[in-house]
Structures are given as C-alpha cells and as structure tokens.
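# what's the 3D shape of this:
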Amino acid sequence: MAPDRLTSGEPIDETAALLATFRFAAVIGWRDFRASYRWYTYVGGWLVRVVAQAAFLASVGLLVGSESVAHRIAIGAACASAATGALLAIPMATRERALGTAGLLVVSPAGLVPSMLGRAVDRLVDGGLMSATALVAVFAYLPEVRLLHPSSLLLPVLAMAMAYSSTCLAMTLAGVALLWPDARNLLSASLTVPLTLLSGAVLPHELTGRLALLSHLLPLGNGVQGCRQLALGDAAGALLPLLAEVLVGSVWLVAAIGSLRVTQSWATRRAGLV
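Reported below is the predicted structural model:
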C-alpha cells in the first residue's frame, strides 16, 4: 500500500493542488449546468432566444432601409450573446454563499480563486456556444458571406474568445457579489447594455475617439471587429482582433484573481462569508 502523502513527510505540490481544485470545481459547475438544462430545452429555448434576439435587432436596420446596417447589427448582436451567458457567472458565484459553503472555501488551503474560476468554466462554454450558434445562423443568412469556407472555422474561436473575456470580467465583479449578494443581479444586468453598446456591437457606425479606445479595452469590442472582418472575407484581418480579444480576457483574468483574493482577505478578517 502506498504511504499516505499527509503522513509521509513529502511536500505537497501547491500548483498541482490548485489545478486539482480548479478541475473539481469545473466538474461541479458542469453538473450544475446539466441539472439546469436538457439538450432539448437548451437548443429549443436558450439557443433559439439568442438567434431571435440577433434577428430582432437586425430588423432595426431593415426598418431604416439599410441592408448593410442590418447585416452589421446582426453580426454584432450574435457576438454580444457571448456576454449573455458569461455575465451569469456573477449571480451564480453567490450560490456558494446561499448553500453555506462559501465560508469553507475561504478557509480552505486552496482558497476562493481556483474554486470560483472553476465554477465559471460552464459560463465560458455556454457563452461561447451561444455566440457561435448565433454567428453561424447569421453568416448562413447573409447572401454575400461564404459560410462553407476554411476561414469560417475562426467563428467558434472568436466566439470562445469573447466568452472568455466576458467571463473574466464577470469574475472580477463576482468578488463584490460574494460580499454583497443583494447586488448580484444588479451587477449582472447593469453590465449587459453598456458592454454591448461600448463594443459597438449594435451601433450602425464605427465608434470613434475615446469610445473606440474603450471598446478595445473591454470584452467583445475586438471580437466584434474580427467577426465583421470575416464577413468581408478578410480572414487575415480577423487574426489581430482575435489575439487582442484573448489579451483583453487575460488582463481581466488577472483582475479577477486579484478581486477574489481581496474578497478572501476581507472575509477572513471580518468573517464576512462564514
């Protein structure tokens, strides 16, 4: 029989322990997701909703008599759906508080960070799947776009990149929601419209000046530009926005880790989550 690691005197690999906690939390999040949806409710309800939303917003362009504006808004709305599922990570982070397990996570050796980030993986997958589905539907509708083209393989990659950056932004604010759970839905809902507008997703014209700079620093902005480049057949032009979107997501990931560590420190000192 192999000796017990806790009694053998061998040092514990902290990195491996953190990764194991992250993986376990991701599995729990996936099981929660499966408990909430069946494939037919997800496809017939959630995915139909995001496609219908893109079609509805695109109809605004048709009302003003501009087909190009309709196409532009349809692509942007499909991109913005990545944030719809991702921002739900904010209220879902407070589930641990409702279940009474948040305090245990705070005092655990791994802490809040790997557990909370692991639980948010299903939000990343959900947001990416929603956006990819809506983008494929929009690209299949647009007559001037060749969907069955190798460059179209970038669509799901861009969708996942936008979901990644949006999820990291959500987890940055999840620490606030853990300390003040009454603000969870306010934080999630109040972010959706500004994020969609500042990314230029549903605006008829390109953003300029400081707003354009801000759109590149927030989730969605670069991904929206990349998808519009793909619609124009410029696959090479979509690569830089893709890399920029991943970079923005990584910056927000660092911010999320810092936010959760501050939350843990605050809760440890004031017994806020115990």
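# quick one: low-confidence parts of the stretch 51-200 of the chain?
Within the stretch 51-200 of the chain, the ranges that satisfy pLDDT under 70 run 61, 64-65, 142-150.
# Walking through it, point out its helices one by one.
Per DSSP state H, counting those that start in this stretch, the stretch 51-200 of the chain carries helices over the ranges 67-86, 89-93, 95-99, 102-107, 112-119, 121-141, 154-179, 184-198.
# Among these, which comes closest to residue 33?
helix 121-141 (4.3 Å; Cβ to Cβ). Backbone N, C-alpha and C define where each C-beta goes, glycine included.
# Next, the buried residues of that closest one.
Going by neighbour count (16 or more other Cβ atoms under 10 Å), the buried part of helix 121-141 is 121-139.
# by contact count, what packs against the host helix or strand of residue 19?
Here residue 19 is covered by helix 14-36, with elements defined by DSSP states H and E. Applying 3 or more Cβ pairs under 8 Å, 6 or more residues apart in numbering; DSSP states H and E, one finds that helix 14-36 contacts helix 112-119, helix 121-141.
# Just the C-alpha atoms of the first one, please, in CSV.
So that's helix 112-119. In CSV, the C-alpha atoms belonging to helix 112-119 read as follows (Å, rounded to 0.1, in the frame of the first residue of the first chain):
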residue,chain,number,x,y,z
LEU,A,112,-11.6,31.1,-3.3
VAL,A,113,-9.7,31.6,-6.5
PRO,A,114,-9.5,28.1,-8.1
SER,A,115,-12.9,27.2,-6.8
MET,A,116,-14.7,30.3,-8.2
LEU,A,117,-12.8,30.2,-11.5
GLY,A,118,-13.5,26.5,-11.9
ARG,A,119,-17.2,27.0,-11.3
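# can you give me the end-to-end distance of stretch 97-113?
Across stretch 97-113, the terminal residues are separated by 15 Å (Cα to Cα, to the nearest Å).
# So what's the residue count around residue 67?
13 (other Cβ atoms under 10 Å).
# try residue 18
By other Cβ under 10 Å, 18 other residues sit near residue 18.
# ok, back up a step: now the helices and strands packed on helix 14-36 as CSV including distance to residue 72?
Converted to CSV, those look like this (distance: least, Cβ to Cβ, whole Å):
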stretch, distance to residue 72
helix 112-119, 34
helix 121-141, 11
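# Out of the ones you listed, which is closest to residue 30?
helix 121-141 (5.4 Å).
# other SSEs contacting that closest one?
On a contact count with 3+ Cβ pairs under 8 Å, 6+ apart, helix 121-141 meets helix 14-36, helix 48-63, helix 67-86, helix 154-179, helix 221-231.
# Leaving out chain neighbours, which residue sits closest to residue 200?
The spatial neighbour of residue 200 that comes closest, neighbours along the chain excluded (Cβ to Cβ, 6 or more residues apart in numbering), is residue 207 at 4.7 Å.
# Correct me if wrong: the one you found contacts residue 220.
No: assessed by Cβ atoms under 8 Å, residue 207 is found out of contact with residue 220, at 11.9 Å.
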